[in-house]
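Asker: Give the three-dimensional model of this entry:
(one chain, ligands or ions: 2)
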Amino acid sequence: MWALRAAVRSGPWFSRVVRGCRAPRAAPPLPPCPVRALATFRGGLGGPEGRGPRADGRGSRTGGKEDEEEPEDAEEEDEEEEELLRRDPLLPAGTQRVCLVHPDVKWGPGKPQGTRAEWQVVEAQALVHTLDGWSVVDTMVVPTKTPGRKLIFGRGTLEHLTEKIRGSPEITAVFLNVERVAAPTKVHQRLLKDKEAKIRKALDKLRRKRLLLGQQRRLREFPVVSVVGYTNCGKTTLIKALTGDAAIQPQDRLFATLDVTARAGRLPSRLTVIYVDTIGFLSQLPHSLVESFAATLEDVHRSDLVIHVRDVSHPETELQKASVLSALRALQLPRPLLDHMVEVLNKVDLVPGYRPAEPNAVAVSALLGLGLEELKARLEGAVLRATGRRVRTLRVGLAGPQLSWLHQEATVQAVDVRPEAGVADVKVIISDPAYGRFRKLFPG
Ligand SMILES: Nc1nc2c(ncn2[C@@H]2O[C@H](COP(=O)(O)OP(=O)(O)OP(=O)(O)O)[C@@H](O)[C@H]2O)c(=O)[nH]1
Ligand SMILES: [Mg+2]
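Answerer: Ligands and ions are numbered 1, 2, ... in the order given. Here you go, the predicted structure:
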């Protein structure tokens, strides 16, 4: 379901995607950059305005001699990993003023289903804006009837577009909103290969780290709740609202969250859960990036519960839901996680008089804090069911170690002390294995 959509480079450029037609400029074309890669490119776009892409890799770590040497300490290695995952040396540096060209397929097999050109344009604009210093200064929606062929536009249309763009000096880059990638040149093949090898290494390391984190969490028996959803639907804002963590900074941009992060929060019963924030989904993503995306979502596989956040104020909310569900299926999420997923209808404050159509979903405004108590109650029930935890009232002797054991191994909700009998009735949330251990340690 992922597809490559964009081609970005400095200077008006159509030659890579409109084969058979003359390129408007003589400069050698660069391989197109996947949308996903653009979206993950943060910082480091500085440099002289309008400078072309650093095809030689200068200023980045790719392609240089230093790459061949192993970093000496773990910190340096982490920095390198971070850099590799974030930077794309093939992107033009500095400020870019983009002309967004959207081929609007009106009929035939290439006609996009369930969406409209205007929303595809809005999404593409948002993607361009994820890059610091990049802005869309012009948008052209161009009807075309040759979907899936080598030629996207006819010669006449191409000439018209080229002329228009050449006549607009403010345009420094063209973003062609198509799912296509041209074969890279030999220079670029090497660069991409180097980068691929390094990213694979970084992903392996990331996987090992995640596995360790997952094991540590399991040992401490905190239930894990993963929060997934279309990009910009409000996942981070919801986690901020559920955990009260003021340090979390949601942003109104696509792919604001670029890595999986975990935060602790408490449910009404005082049960601590770990909320895992994830990278947003997009309806069309390049196949080549599925693996890296899947790696960041491995935590979701290991979670006890999944929350699917939806932006109900978005005109394409249904399409977004379908995209997320199909991506989760493609990622082969375990069946119980899919079946017991909690659907959260977010941003209801933007839809006056909103009435949820889905009976089991919870409507909230993560921003204004509406509906959160109901959501927490739902989450609690679902977490208890998913993790085999139960609320039990256990009688313990005041003189013995049982009470402190329960504080360590379970979530103590209330302690009703009966001094005359020298006992206390303790209301706890306890997992079945922990209860088994309690009974074994303190029989009778
Ligand atoms: N009005 C309104 N805006 C919201 C609500 N929840 C989130 N937002 C806004 O939506 C934008 C995106 O929110 P995030 O929480 O960053 O969304 P996200 O899903 O984490 O986005 P990515 O990490 O980019 O995938 C921010 O500007 C939020 O303030 C809500 O309930 N109501
Ligand atoms: Mg986020």
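
Asker: the helices in the stretch 201-350 of the chain, which residues?
Answerer: For the stretch 201-350 of the chain, applying DSSP state H, counting those that start in this stretch gives helices covering 235-243, 290-296, 298-301, 317-330, 335-339.

Asker: Please identify the deepest-packed of those helices.
Answerer: Comparing these by mean neighbour count (mean count of other Cβ atoms under 10 Å), helix 235-243 comes out on top with a mean of 23. For the C-beta atoms, the positions are set from N, CA and C on the backbone; glycine is no exception.

Asker: just to revisit the earlier point, go through the helices of the stretch 201-350 of the chain and find the least confident stretch.
Answerer: Sorting the helices of the stretch 201-350 of the chain by mean pLDDT places helix 290-296 lowest, at a mean of 63.

Asker: Could you pick out the residues of the stretch 101-250 of the chain near ligand 1 for me?
Answerer: Residues of the stretch 101-250 of the chain lying near ligand 1 by Cβ under 6 Å from any ligand atom: 229, 231-237, 250.

Asker: Close to ligand 2 as well: tell me which of those residues qualify.
Answerer: Applying Cβ under 5 Å from the ion, the subset of these adjacent to ligand 2 comprises 235-236.

Asker: which one among the residues of the stretch 101-250 of the chain next to ligand 1 gets closest to ligand 2?
Answerer: Nearest to ligand 2 out of these is residue 236 (Cβ to the ion; 3.3 Å).

Asker: What is the burial count for the closest residue to the closest one other than its chain neighbours?
Answerer: In space, and not counting its chain neighbours, residue 236 is closest to residue 250: 4.3 Å by Cβ to Cβ, 6 or more residues apart in numbering. By the criterion of other Cβ atoms under 10 Å, residue 250 has 19 neighbours.

Asker: so residue 250 touches residue 234, yeah?
Answerer: Yes. Look at residue 250 against residue 234 with Cβ atoms under 8 Å: they come within range, at 7.2 Å.

Asker: Point me to the residue of the stretch 301-444 of the chain nearest ligand 2.
Answerer: For the stretch 301-444 of the chain, Cβ to the ion, closest residue to ligand 2: residue 309, 9.6 Å.

Asker: Please report the distance of that residue from residue 232.
Answerer: Look at residue 309 and residue 232: by Cβ to Cβ, to the nearest Å, they are 10 Å apart.

Asker: quick one: which of those two has more around it?
Answerer: A direct count of neighbours by other Cβ under 10 Å for residue 309 and residue 232 places residue 309 higher, at 26 against 23.

Asker: Is the more buried one bridged to anything, and to what?
Answerer: On the basis of DSSP bridges, residue 309 is bridged to residue 229, residue 344.

Asker: what residues are up against it?
Answerer: 227-229, 233-235, 238, 344, 346, 366 (Cβ atoms under 8 Å, 6 or more residues apart in numbering).

Asker: which of those residues are buried?
Answerer: Burial by neighbour count, judged by 16 or more other Cβ atoms under 10 Å, picks out 227-229, 233-235, 238, 344, 346, 366 from these.

Asker: Pick out the most distant pair among the residues you listed.
Answerer: Farthest-apart pair in the buried ones among the contacts of residue 309 is 228 and 366; separation 14.4 Å (Cβ to Cβ).

Asker: Could you measure from the residue in the chain that ligand 1 sits nearest to over to residue 304?
Answerer: Of all residues in the chain, residue 280 sits closest to ligand 1, at 2.6 Å by Cβ to the nearest ligand atom. Using Cβ to Cβ, residue 280 is found at 22 Å from residue 304.

Asker: where exactly do the strands run in this structure?
Answerer: Along the chain, counting by DSSP state E, strands occupy 96-105, 134-144, 173-176, 224-229, 261-266, 272-277, 305-311, 342-346, 362-363, 389-397, 411-418, 423-431.

Asker: residue ranges with poor pLDDT in this structure?
Answerer: The model of the chain has pLDDT under 70 over residues 1-93, 109-110, 113-114, 146-150, 179-184, 210, 212-221, 253-260, 283-296.

Asker: mind giving me TSV with the helices of the stretch 201-350 of the chain and columns for distance to residue 275?
Answerer: Shown next, in TSV, are the helices of the stretch 201-350 of the chain (distance: least, Cβ to Cβ, whole Å):
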stretch	distance to residue 275
helix 235-243	5
helix 290-296	16
helix 298-301	11
helix 317-330	17
helix 335-339	15
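
Asker: looking at these, which is closest to residue 123?
Answerer: Here helix 317-330 is closest among these (Cβ to Cβ), at 10.1 Å.

Asker: picking that back up, now flag whichever of the contacts of residue 309 is closest to residue 186.
Answerer: Taking those together and measuring to residue 186 by Cβ to Cβ, the closest member is residue 228, at 39.5 Å.

Asker: from memory the closest one sits against residue 278, does it?
Answerer: Yes. Between residue 228 and residue 278 there is a contact under Cβ under 8 Å: 5.2 Å.

Asker: can you list residues touching both of the two?
Answerer: Joint contacts of residue 228 and residue 278 (Cβ under 8 Å, 6+ apart) are 235, 297, 300.

Asker: OK, contacts around the last one?
Answerer: Pointing back at residue 300 there. Neighbouring residues of residue 300 by Cβ under 8 Å, 6+ apart: 226, 228, 276, 278, 306, 328, 331, 333, 337.

Asker: cool, and the first one?
Answerer: Under the criterion of Cβ under 8 Å, 6+ apart, the neighbours of residue 235 are 227-229, 257, 277-278, 280, 309.

Asker: Many thanks, I have nothing further to ask.
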